[in-house]
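S.K.: I'd like to go over a predicted model; first the sequence, then the structure.
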Amino acid sequence: MGSYGADGVRAGILMSSAAGNDLLFDESLMLQGRNFANKIWNGFRLVNGWETDQNLSQPDEAKVAIQWYEAKFQKTLAFINDQFEQYRLSDALTAIYKLVWEDFSSWYLELIKPAFGKAMDPETHRATISFFEGNLKILHPFMPFITEEIWQYLSERKEEEALIVTEYPIEKKYQAEVLEEFELVKGVISAFRNLRKEKNISLKEELVLLTLEE
């Protein structure tokens, strides 16, 4: 456990232990859990290092990203709650893992992060902190130590405001069409990323997207 941390061990075992099945010990599971903990911590360091400029207005792409992640979080939350009712803890944690690793870290943060050395507008920053806190709340039952520590770092809190006694997120209605539309955006972005890789185009070089109207 010393090499992977308590949270890494818990997450690694739970993600790979489906209800009703035996699990043979595999050290790679612990590594997966530790890597997940590192991903969460690195995400916090990134967000915590951003400066805000009260004079900046919110970019359109940030508005779209925020609207999308709000819907994605609510859809995942509904799925998680359903898995809890069925005592399917492994499936619940796997859904959180995908939400935090793929949707939040790989997509949302990449879409809203400011250019190197630039500040962020206050609205996007507030939304991002709120999303991060929501992620910590749903992850806390599975990884209590790292989530509580980051929770305390995100804001100064009193003892009675600890994450362990904070109210769990409540399900809200979300716009399914927002999720469907964003899949098209993800497809376009992925195509650009693949093109850069195939043609060895630097990330610093801007690419122009041209569309044809019917």
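M.R.: Nice, thanks for sending it over.
S.K.: Please, where are all the strands along the protein?
M.R.: Assigned by DSSP state E, the strands in the chain number zero.
S.K.: okay, now residue 26: neighbour count?
M.R.: By the criterion of other C-beta atoms under 10 Å, residue 26 has 12 neighbours. Heads up, the C-betas are built off the backbone N, CA and C, glycines and all.
S.K.: now swap in residue 194 and tell me
M.R.: Using other C-beta under 10 Å, residue 194 has 10 other residues around it.
S.K.: Please report the distance of it from residue 126.
M.R.: Using C-beta to C-beta, to the nearest Å, residue 194 is found at 34 Å from residue 126.
S.K.: Check residue 62 and give its pLDDT.
M.R.: Residue 62 is assigned 95 on the pLDDT scale.
S.K.: Leaving out the residues flanking it, which one is nearest to it?
M.R.: residue 124 (4.4 Å; C-beta to C-beta, 6 or more residues apart in numbering).
S.K.: For that neighbour, give me its contacts.
M.R.: 58, 59, 62, 66, 112 (C-beta atoms under 8 Å, 6 or more residues apart in numbering).
S.K.: quick one: it from residue 61, how far?
M.R.: For residue 124, the distance to residue 61 - C-beta to C-beta - is 10 Å.
S.K.: again, but for residue 155
M.R.: In this view, residue 155 and residue 61 are 26 Å apart by C-beta to C-beta.
S.K.: Among those two, which residue is more densely surrounded?
M.R.: Comparing residue 155 with residue 61 by other C-beta under 10 Å, the one with more neighbours is residue 61, at 12 against 9.
S.K.: How about the more buried one, nearest residue that isn't a chain neighbour?
M.R.: residue 111 (6.1 Å).
S.K.: what about that neighbour, how many neighbours?
M.R.: 20.
S.K.: I figured it hits residue 62, correct?
M.R.: Yes - the criterion here is C-beta atoms under 8 Å, and residue 111 meets it with residue 62 at 7.3 Å.
S.K.: so what pLDDT did residue 203 get?
M.R.: pLDDT, residue 203: 68.
S.K.: hey, C-alpha coordinates of stretch 123-142 in PDB?
M.R.: Only the C-alpha atoms of stretch 123-142 are listed here, as PDB (Å, rounded to 0.1, in the frame of the first residue of the first chain):
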ATOM      1  CA  GLU A 123     -17.100  33.500 -14.700                       C
ATOM      2  CA  THR A 124     -15.200  30.500 -16.200                       C
ATOM      3  CA  HIS A 125     -13.000  30.300 -13.200                       C
ATOM      4  CA  ARG A 126     -15.900  30.100 -10.800                       C
ATOM      5  CA  ALA A 127     -17.600  27.500 -12.900                       C
ATOM      6  CA  THR A 128     -14.500  25.400 -13.000                       C
ATOM      7  CA  ILE A 129     -14.000  25.500  -9.300                       C
ATOM      8  CA  SER A 130     -17.600  24.500  -8.800                       C
ATOM      9  CA  PHE A 131     -17.200  21.600 -11.200                       C
ATOM     10  CA  PHE A 132     -14.000  20.500  -9.400                       C
ATOM     11  CA  GLU A 133     -15.900  20.500  -6.100                       C
ATOM     12  CA  GLY A 134     -18.700  18.500  -7.600                       C
ATOM     13  CA  ASN A 135     -16.200  15.900  -8.900                       C
ATOM     14  CA  LEU A 136     -14.700  15.600  -5.400                       C
ATOM     15  CA  LYS A 137     -18.100  15.100  -3.800                       C
ATOM     16  CA  ILE A 138     -19.000  12.100  -5.900                       C
ATOM     17  CA  LEU A 139     -15.500  10.600  -5.700                       C
ATOM     18  CA  HIS A 140     -15.100  11.100  -1.900                       C
ATOM     19  CA  PRO A 141     -16.800   7.800  -0.900                       C
ATOM     20  CA  PHE A 142     -14.200   5.900  -3.000                       C
END
